[in-house]
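Trainee: okay, here's the prediction I keep looking at, along with the sequence it came from:
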Amino acid sequence: MNIVANWSYPTAIKLGRGRIKELADACKALGLKKPLLVTDRGLASMAITAHALDVLDEAGLGRTVFSEVDPNPNEKNLEAGIKAYKDGGHDGVVAFGGGSGLDLGKLIAFMAGQTRPVWDFEDIGDWWTRADASKIAPIVAVPTTAGTGSEVGRAGVLTNSATHVKKIIFHPRMLPGVVICDPELTVGMPGVITAGTGMDAFAHCLEAYCSPFYHPMSAGIALEGMRLVKEFLPRAYKDGSDIEARTNMMSAAAMGAVAFQKGLGAIHSLSHPIGAIYNTHHGMTNAVVMPPVLRFNRTAIEEKIARAAAYLGISGGFDGFYDYVLSLRSDLGVPENLTAMGIAPDRVDELTAMAIEDPSCGGNPVPMTLENTKALFLECF
Ligand SMILES: NC(=O)c1ccc[n+]([C@@H]2O[C@H](COP(=O)([O-])OP(=O)(O)OC[C@H]3O[C@@H](n4cnc5c(N)ncnc54)[C@H](O)[C@@H]3O)[C@@H](O)[C@H]2O)c1
Ligand SMILES: [Fe+2]
């Protein structure tokens, strides 16, 4: 089945195989004449990136790339990117990649015209109103993984390289103006990235669905997002060129990001410090800590999860859902626990303190304290 769709929610999304050829039109629709394509180092040398640049070049939009982007990008990447943007006289950004390239691209477009330091725009209260919105450059987003959903998000995650803390930088205008979801771009993802990013999408849906905040729209999106992951992630993992599965995983990723306006929880608040300290892959880390977090939250989410299980065609309520998560993880080659991921428990106190400070912490169904969070961390080894 060849799925093609044009959506206007939460932004303009052009979904379908081969639609990267519309990249130049997307840029022109936002008034761009000289976009800077931002991606990570690995992607910079891949054929999909060269092809995207060809599309821009052929339409007279140039082919300038900035790729000094680390996995879990930091403020040094951002500074270098802003310099490249200004030196090149660019008027907007094509954010191209997984969450790392997308987030850094969005942050460059946001920060290039601001005078305050980026940390002043952390996602706290109304801090975003400190920004001069008229100076935010247009963004076209092109995801090459199917997980973070950053392409439809209004935030970028930035790691502070001095403190190793991941901060969420938020501004409503960081939402890309046009998104191109071309499943062919994701075909070359290594299996481990397909698995990790797919589990990130699943974690977004699961945590949003379980968070105690009232947001039925997001809860509905989260449920259907979980169903798409259940049906299509194993297929995409098994056969990377299964375009129907890849397309549906792109939808699931976007849905996860839309849904997590409702909140995230302990999976993300544990995973963020682990990623920041050990540079592990974000989605894979989520998958590793998911079962202990489900057990931790059990009393608060048992009924909700039973409802989700029924929708997903899983029998046995909470226990059935829990077993399903274990089998999904093992089908995708997810490490059993943090030890199997190569992490020792020697910095648990530091990880715990960071998890409690993480903004996702507030959305967890069971309130997180230093004590119960340390115990939860120890369950993850
Ligand atoms: N903004 C948000 O809402 C949000 C949400 C969740 C996570 N994040 C952030 O996103 C980042 C993780 O993003 P990610 O999981 O997409 O991974 P990533 O962007 O770090 O990419 C992982 C690896 O996959 C490679 N890759 C990407 N696409 C490929 C392709 N099509 N073919 C071959 N290789 C490819 C990259 O070069 C990289 O080496 C983290 O920094 C995380 O904090 C952001
Ligand atoms: Fe995530």
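Mentor: In hand now; what should we look at? Ligands and ions are numbered 1, 2, ... in the order given.
Trainee: only C-alpha atoms from now on, for both contacts and neighbour counts.
Mentor: Fine.
Trainee: where exactly do the strands run in this protein?
Mentor: 5-7, 12-15, 35-38, 64-66, 92-97, 139-143, 155-160, 165-170, 178-181 (DSSP state E).
Trainee: can you say which of those is nearest to ligand 1?
Mentor: Closest approach to ligand 1 among the strands of the chain is made by strand 155-160 (4.3 Å; Cα to the nearest ligand atom).
Trainee: pull out the buried positions in that closest one.
Mentor: 155-160 (16 or more other Cα atoms under 10 Å).
Trainee: got the angle for it vs strand 165-170?
Mentor: Orientation check (axes from the mean of the first three to the mean of the last three Cα atoms, to 10 degrees): strand 155-160 against strand 165-170 gives 150 degrees.
Trainee: for strand 155-160, the distance to its chain's centre please.
Mentor: 11 Å (Cα atoms, centre = their mean, to the nearest Å).
Trainee: ok, now how distant is residue 273 from ligand 1?
Mentor: 10 Å (Cα to the nearest ligand atom, to the nearest Å).
Trainee: which residues of this protein lie near ligand 1?
Mentor: 40, 42-43, 71-73, 97-101, 103, 144-145, 147-148, 150, 153, 155-157, 185-186, 188-189, 193, 197, 282-283 (Cα under 6 Å from any ligand atom).
Trainee: now do 5 Å
Mentor: Residues of the chain lying close to ligand 1 by Cα under 5 Å from any ligand atom are 42-43, 71-72, 98-100, 144-145, 148, 150, 156, 186, 188-189, 197.
Trainee: among those, which pair sits farthest apart?
Mentor: Spatial extent of those (Cα to Cα) is set by the pair 156 and 188 at 24.5 Å.
Trainee: biggest helix in the chain by residues?
Mentor: helix 282-312 (DSSP state H).
Trainee: next one: that helix to chain centre, how far?
Mentor: With Cα atoms, centre = their mean, you get 19 Å for helix 282-312.
Trainee: CSV for the buried residues of strand 155-160, including pLDDT?
Mentor: Below are these laid out as CSV (pLDDT from 0 to 100):
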residue, pLDDT
155, 96
156, 96
157, 94
158, 94
159, 92
160, 93
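Trainee: out of those, which one sits closest to residue 205?
Mentor: Using Cα to Cα, the buried residues of strand 155-160 come closest to residue 205 at residue 155, 17.2 Å.
Trainee: that closest one: what's it in contact with?
Mentor: 103, 168-172, 174-175 (Cα atoms under 8 Å, 6 or more residues apart in numbering).
Trainee: no further queries at this time; thank you.
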